[in-house]
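# quick one, what's the 3D model for this:
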Amino acid sequence: MSSDPSSGRGRLWTDPREVEEHQPWLAPKRAATPPPAPQRPERDPDDDRGPLWRQRAVGVLVGLVIVALLVGAGVLGASLLGLGGADDNQSATLPVVPGAAPADARARSIRAIYATAKESVVPVRVRGVSTAGSGTGFVIDKGGVIVTNAHVVKDAQQVQVRLDDDGSYVDARVVGTDVSSDLAVLRVDSSEASKLRPLALADSDKVQVGDQTLAIGYPLGLNRSASASQGIVSGLGRSIDAANNFSIEKVIQTDAAINPGNSGGPLLDSAGRVIGVNTAILTAGSSGGSVGIGFAVPSNTLRDVVPRLESGGTVKRAYIGVQTRPSQTGSGAEVVTVTPGTPAARGGLRAGDRVVESAGRPVTVPEDISASIESREPGEKITIDVRRGGARQSLDITLGTRPDTAPGAGTPPPGPSFP
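Residues are numbered from 1 along each chain as shown. Below is the predicted model of the structure:
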């Protein structure tokens, strides 16, 4: 290849004009001398080869020229594509830069959390009378106890988990479920317990918006190995409806991707501790996929509920018996309906009352009423302050036991869906 020093560009083949271009541009051009006319060689009088021989010779010459052109084209093509070499039988390969991309501090943290926690997260396979489903669970102790969502194992005839990605599914027994918190406890045979690595639980009351999160699970049937999605805590103190139409309080909101199949899996903090159980997502349209808003039942709720279920008991919660909404006339919760025969009805609460205090705690939104009795037991007495007709009144309420379902539980609750 020849180069043009004036332009820095080159050509890939010889152009007759290059001879002229490379002459000094100020030098006078010499008159071109015509080449001598070619002389026809004299024919040997003894040569008895006729026209047929000459045609064959021309054909051979043309063939050699074609072969030479093909070979030259191949060499040129190989030069352009960077092919060829000592061994023409070797297949061409694209170049590769060796080594992995350098990881920053966050990437190293995520890798470390996943590597430690993935052995504690298991796929859950469920079979019912006419249905089948899947979800995720995680190990919380070496005795074979696994936590998942109650809606994952609802109406299950058989529940199985896989304790090793390279292993087989083993049977798991449903020890107990609590629909109001959407938590369930499974147990595997003690002979399998040696394979289990429990996850540590964090204090979910210490979680703050902006904290790093990592959701691990088996979404959308991708069961070969656990999937991880990273995000942050994007909201706290959320309230979502359980399947029985009662509210689950203090729910953690995250933007880590949660999809069908992730239900029951752990939401971890930057130390690899469980801060919540992935339970529900907000969806757009009919796709059913995540839009970046997921919800996890807080780990402190798990710490309260699971020991009761593990011992074979049930969770009994305090109950008032009112439906409320945000007040339109000031802070507080407006009573919409009072269920007949409930503690609220017996205590004198009425529709239209604006609750401003419950059990000694100020009420600014409806969720504050539930939070005020969360740690109370059925049978305890509390005082509820309301605004009625411009005056403030105090009502004494004896708490009852929450029923299995709330009024209207026969219809699916609006809001988040349960993946």
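# name all residues that make contact with residue 405.
Shown in contact with residue 405 (Cβ atoms under 8 Å, 6 or more residues apart in numbering): 244, 245. (Glycine included, C-beta is placed from N, CA and C.)
# so it versus residue 389, what's the distance?
Distance, residue 405 to residue 389, using Cβ to Cβ, to the nearest Å: 34 Å.
# one more: residue 204?
In this view, residue 204 and residue 389 are 41 Å apart by Cβ to Cβ.
# so for the two, which sits in the more crowded spot?
Shown here are residue 204 and residue 389; by other Cβ atoms under 10 Å, residue 204 has more neighbours (25 against 7).
# which residue packs closest to the more buried one, ignoring adjacent ones?
Distances taken as Cβ to Cβ, 6 or more residues apart in numbering place residue 298 nearest to residue 204, at 3.7 Å, with adjacent residues excluded.
# which residues does that neighbour contact?
Taking Cβ under 8 Å, 6+ apart, we find residue 298 in contact with 204, 205, 207, 250, 251, 252, 275, 276.
# surely residue 134 meets residue 126?
Yes: Residue 134 is in contact with residue 126 according to Cβ atoms under 8 Å; the separation is 6.7 Å.
# what touches both of the two?
Listed contacts common to residue 134 and residue 126 are residue 152; contacts here mean Cβ under 8 Å, 6+ apart.
# still on that earlier bit, who's the residue nearest to residue 204 bridged to?
Residue 298 has the following beta-bridge partners by DSSP bridges: residue 276.
# so what pLDDT did it get?
As summarised for this prediction, residue 298 has a pLDDT of 96.
# secondary structure class for residue 382?
Per DSSP: H, G, I helix; E, B strand; the rest coil, the local secondary structure of residue 382 is strand.
# oops, could you answer that again for residue 369 instead?
Going by three-state DSSP: residue 369 is helix.
# so what's the residue count around residue 183?
Using other Cβ under 10 Å, residue 183 has 27 other residues around it.
# tell me the contacts of the residue nearest to it when sequence neighbours are not counted?
Computed as Cβ to Cβ, 6+ apart, the closest residue to residue 183 that is not its neighbour in sequence is residue 305, at 5.1 Å. Going by Cβ under 8 Å, 6+ apart, residue 305 touches 178, 181, 183, 315.
# list the buried residues of the helix or strand encompassing residue 305.
When elements are assigned from DSSP states H and E, residue 305 belongs to helix 299-310. For helix 299-310, burial by neighbour count (16 or more other Cβ atoms under 10 Å) applies to 299, 300, 301, 302, 304, 305, 306, 309, 310.
# spit out the contact partners of the second one.
This points to residue 300. Residue 300 is in contact with 203, 204, 205, 250, counting by Cβ under 8 Å, 6+ apart.
# in a helix, residue 405, correct?
No: checked against three-state DSSP, residue 405 lies outside a helix; its state is coil.
# before we move on, back to that, just the ones of the contacts of residue 300 in strands?
Among the contacts of residue 300, the members falling in strands (DSSP state E) are residue 250.
# considering the contacts of residue 298, which possesses the most neighbours?
Ranked by the number of neighbours (other Cβ under 10 Å), the contacts of residue 298 place residue 276 first, at 31 neighbours.
# quick one: that one and residue 210, what's the gap?
Distance, residue 276 to residue 210, using Cβ to Cβ: 15 Å.
# so who does residue 239 touch?
Counting by Cβ under 8 Å, 6+ apart, residue 239 touches 247, 248, 249, 251, 367, 370.
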